[in-house]
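>>> My questions are about this predicted structure, shown below with the sequence.
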Amino acid sequence: TKTILLKNRPKGTPTIADFEFVTEETNLTIANGELLLETLYVSVDPYLRGRMSEAKSYVPPFELNKPIHSGVIAKVTASKNEQFKEGDYVSGMLDWKTQQVSTGEGLLKVDPSKAPLSAYLGILGMTGLTAYLGLTQIGKPVAGETLVVSGAAGAVGSVVGQIGKILGLRVIGIAGTDEKVEMLTSKFGFDAGINYNTTENMVAAIQQAAPDGVDIYYDNVGGTISDAVLFNINKFARMVICGAISAYNNTELPKGLSVQPFLVKKSALMQGFIVSNYAEKFPETMKQLSGWLAEDKLTYTETVVEGFDNIPTAFIDLFEGKNTGKMIVKI
Ligand code: NDP
């Protein structure tokens with residue numbers, strides 16, 4: 001069995017040296033009520049960076065020298081739990097281990113005949129829930145309005161933009177390479193895209209792409225990109241603060257533009273969003289997302305990295321923008 005532990009709390013950008021790889025001979029056995037799982041796909045996500053530091057947040061920090069865990073798709077290889085049988089596929093928050101024993105608590109069965117297994121870590125998992133619930137619950141979209149999405153070619157962002165189109169919005173995405181920006185319009189149906197790495201004047205570029213101003217801003221990145229969007233907000237705009245990846249590796253508190261004057265001048269609403277606040281809406285949201293997927297109203301893309309040992313590298317690569325769509329590790 002292979003396991004990946006958190007060795008050090010990363011300072012700034014995480015490095016491979018912050019992780020420890022352990023291989024041991026194991027002969028895992030299960031007691032009554034337990035099941036044995038073989039890991040097939042592992043989700044790496046920006047929020048894991050927060051759990052690697054000591055700071056208190058909405059989820060407790062990972063412990064040093066203990067396995068890291070994240071969303072995993074696994075196959076049941078043996079079961080003494082009547083809710084699961086050998087050969088079932090499950091998703092859940094599981095350890096970065098090639099195989100492990102579980103009580104079944106928190107595991108959901110997933111059906112590979114309805115969607116590829118990895119999709120349950122993305123569009124049919126936390127990614128899809130985050131995109132839909134953040135946009136609808138806080139963004140409160142009204143057809144005809146203009147939506148700007150940052151981190152637009154990533155897992156959450158690419159879904160937010162497509163849902164925006166289904167709901168009748170004008171959608172503008174911000175991403176970090178020309179290839180990603182091209183994909184926003186060609187694959188995901190956005191109305192326009194902006195490459196923040198090559199655009200000198202972001203305020204002017206957003207103004208040009210959103211001539212009627214910005215009614216909803218779905219923010220995945222924070223920092224100067226968000227400052228430029230805020231220059232362009234309309235009266236009663238809603239800002240969904242879903243993530244701030246540009247700040248996750250900061251070692252000091254950033255000094256930025258103070259957004260308060262914009263919020264006052266435009267009577268705008270800015271609200272932090274955590275997907276788990278809306279757990280009671282997960283079943284209906286999953287139904288909606290699978291329906292749209294089956295009707296081809298939604299699509300998705302993945303960046304699949306192969307090999308258990310590459311989980312930490314795939315995670316670190318999120319901060320370099322090496323993924324388009326959901327970053328997944330196939331074991
Ligand atoms: P993504 O698939 O979007 O991957 C991260 C992307 O962020 C990269 O591909 C990169 O794209 C972009 N990025 C990296 N560094 C920077 C930077 N310094 N400035 C601007 N962009 C950067 O990840 P997810 O879709 O999984 O997550 C997106 C956001 O949503 C994250 O902030 C995450 O923490 C948050 N989130 C929040 C949840 C909640 O409940 N609040 C739940 C799930 C996710 P590019 O090439 O365009 O730079």
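Noted; the coordinates are in hand.
>>> From here on, just use CA atoms for contacts and neighbour counts.
OK.
>>> Now tell me what touches stretch 192-201 from outside.
With contacts defined as C-alpha atoms under 8 Å, 6 or more residues apart in numbering, stretch 192-201 is touched by 171-178, 181-182, 184-185, 202, 205-206, 209, 225.
>>> Go again with 7 Å.
Stretch 192-201 has contacts (C-alpha atoms under 7 Å, 6 or more residues apart in numbering) with 171-178, 181, 184-185, 202, 209.
>>> just the buried members of these?
In terms of neighbour count (16 or more other C-alpha atoms under 10 Å), the buried residues within these are 171-177, 181, 184-185, 202, 209.
>>> Among those residues, which lie within strands?
Using DSSP state E, the subset of these located in strands is 171-175.
>>> restrict the buried ones among the contacts of stretch 192-201 to those near the ligand?
Contacts with the ligand within the buried ones among the contacts of stretch 192-201, counted by C-alpha under 6 Å from any ligand atom: 175-177.
>>> In JSON lines: those residues, plus distance to T198 and pLDDT.
Below are these laid out as JSON lines (distance: C-alpha to C-alpha, whole Å; pLDDT from 0 to 100):
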{"residue": "A175", "distance to T198": "10", "pLDDT": "98"}
{"residue": "G176", "distance to T198": "8", "pLDDT": "98"}
{"residue": "T177", "distance to T198": "8", "pLDDT": "98"}
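>>> now those as a markdown table including distance to F315?
A markdown table is the format used below for these (distance: C-alpha to C-alpha, whole Å):
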| residue | distance to F315 |
| --- | --- |
| A175 | 18 |
| G176 | 17 |
| T177 | 19 |
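>>> ok, now which ones touch V229?
By C-alpha under 7 Å, 6+ apart, V229 lies in contact with 203, 206.
>>> Least confident secondary structure element in this structure?
Lowest by mean pLDDT, DSSP states H and E among the helices and strands of the chain is helix 260-265, with a mean of 86.
>>> what does whichever helix or strand comes after that one rub up against?
Following helix 260-265 in sequence order, the next helix or strand is strand 269-272 (DSSP states H and E). Contacts to strand 269-272, defined as C-alpha under 7 Å, 6+ apart, come from residues 236-242, 263.
>>> Filter those residues down to the ones in strands?
236-241.
>>> show me where this structure has helices.
48-52, 126-133, 155-166, 178-186, 202-209, 223-230, 260-265, 282-294, 311-317 (DSSP state H).
>>> okay, those helices, which one's buried deepest?
helix 155-166 (a mean of 26; mean count of other C-alpha atoms under 10 Å).
>>> what helices or strands is that one leaning on?
Based on contacts counted as 3 or more C-alpha pairs under 7 Å, 6 or more residues apart in numbering; DSSP states H and E, the elements that helix 155-166 packs against are helix 126-133, strand 146-150, strand 170-175.
>>> Name the spans of this structure whose pLDDT lies under the cut-off.
Segments of the chain classed as low confidence (criterion: pLDDT under 70) are 256-257.
>>> Grab the longest strand from it for me.
Under DSSP E, the chain gives strand 69-79 as its longest strand.
>>> list the contacts for M239?
139, 216-218, 269-271.
>>> quick check, nearest of the ones next to the ligand among the buried ones among the contacts of stretch 192-201 to V275?
Relative to V275, the closest of those is A175; by C-alpha to C-alpha it sits at 22.4 Å.
>>> Do I have it right that the closest one meets G151?
Yes. If you go by C-alpha atoms under 7 Å, A175 and G151 touch, sitting 5.5 Å apart.
>>> How far away from the center of its chain is the least confident helix or strand of the chain?
29 Å (C-alpha atoms, centre = their mean, to the nearest Å).
>>> now do stretch 173-186
Relative to the centre of its chain, stretch 173-186 is centred 17 Å away, using C-alpha atoms, centre = their mean.
>>> what are the C-alpha coordinates of it, in PDB please?
Only the C-alpha atoms of stretch 173-186 are listed here, as PDB (Å, rounded to 0.1, in the frame of the first residue of the first chain):
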ATOM      1  CA  GLY A 173     -14.500  34.700 -18.600                       C
ATOM      2  CA  ILE A 174     -11.100  35.600 -17.400                       C
ATOM      3  CA  ALA A 175      -8.300  33.000 -17.700                       C
ATOM      4  CA  GLY A 176      -4.500  32.700 -17.900                       C
ATOM      5  CA  THR A 177      -3.600  31.500 -21.500                       C
ATOM      6  CA  ASP A 178      -4.800  32.100 -25.000                       C
ATOM      7  CA  GLU A 179      -5.700  28.400 -25.400                       C
ATOM      8  CA  LYS A 180      -7.900  28.600 -22.400                       C
ATOM      9  CA  VAL A 181      -9.600  31.800 -23.500                       C
ATOM     10  CA  GLU A 182     -10.200  30.300 -26.900                       C
ATOM     11  CA  MET A 183     -11.800  27.300 -25.300                       C
ATOM     12  CA  LEU A 184     -14.200  29.500 -23.200                       C
ATOM     13  CA  THR A 185     -16.000  30.600 -26.400                       C
ATOM     14  CA  SER A 186     -15.500  27.600 -28.600                       C
END
